[in-house]
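Asks: coords below, sequence missing:
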């Protein structure tokens, strides 16, 4: 099955850090822009960050700017989301997808993963 597989979530205290991984399964991700998304219980789907395929340009939602860093390692067929200074409002299921990146938002369109749960709580 062609999809991304996310990992790295868990329970962390406020102010802590996590690094999420997004591994391509059954295809190579080097030609795709990759977006990270999240959805908290009772809330809508939010585009968190995106990284282009060509020159690695990155995009962030205002809610995570300065705290999260997206990156990719095409040799490992994996993208990452480094999350620092985590807040309780970051609690959500995080997932990735092949996406269109822009400064107006991130739009996923293919290879959606099942996600990894991030819980920020003391």
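Replies: Noted; the coordinates are in hand. All figures in this text were calculated on a predicted structure; none of them were measured in a lab.
Asks: what about the residue nearest to the spatial centre of the chain, distance to residue 59?
Replies: Of all residues in the chain, the one closest to the mean position by C-alpha atoms, centre = their mean is residue 36, 2.7 Å from it. Remark: distance between residue 36 and residue 59 (C-beta to C-beta, to the nearest Å) = 10 Å. Just so you know, the C-beta spots here come from the backbone N, C-alpha and C atoms, and that holds for glycine as well.
Asks: my read: residue 56 touches residue 72, true?
Replies: Yes. Between residue 56 and residue 72 there is a contact at 6.9 Å, judged by C-beta atoms under 8 Å.
Asks: looking at the two, which is more packed in?
Replies: residue 72 (21 against 12; other C-beta atoms under 10 Å).
Asks: give me the element the nearest residue to the more buried one once chain neighbours are set aside is part of.
Replies: Once flanking residues are discounted, residue 72 sits nearest to residue 79: 4.4 Å by C-beta to C-beta, 6 or more residues apart in numbering. When elements are defined using DSSP states H and E, residue 79 is found to belong to strand 78-83.
Asks: do residue 64 as well
Replies: Using DSSP H and E, no helix or strand contains residue 64.
Asks: which residues of this protein fall in strands?
Replies: Counting by DSSP state E, the chain has strands at residues 3-7, 10-12, 18-25, 34-39, 45-51, 58-60, 68-73, 78-83, 92-102, 105-110, 116-120.
Asks: mind giving me the packing neighbours of the first one?
Replies: Looking back up the chat, that one is strand 3-7. strand 18-25, strand 92-102 (3 or more C-beta pairs under 8 Å, 6 or more residues apart in numbering; DSSP states H and E).
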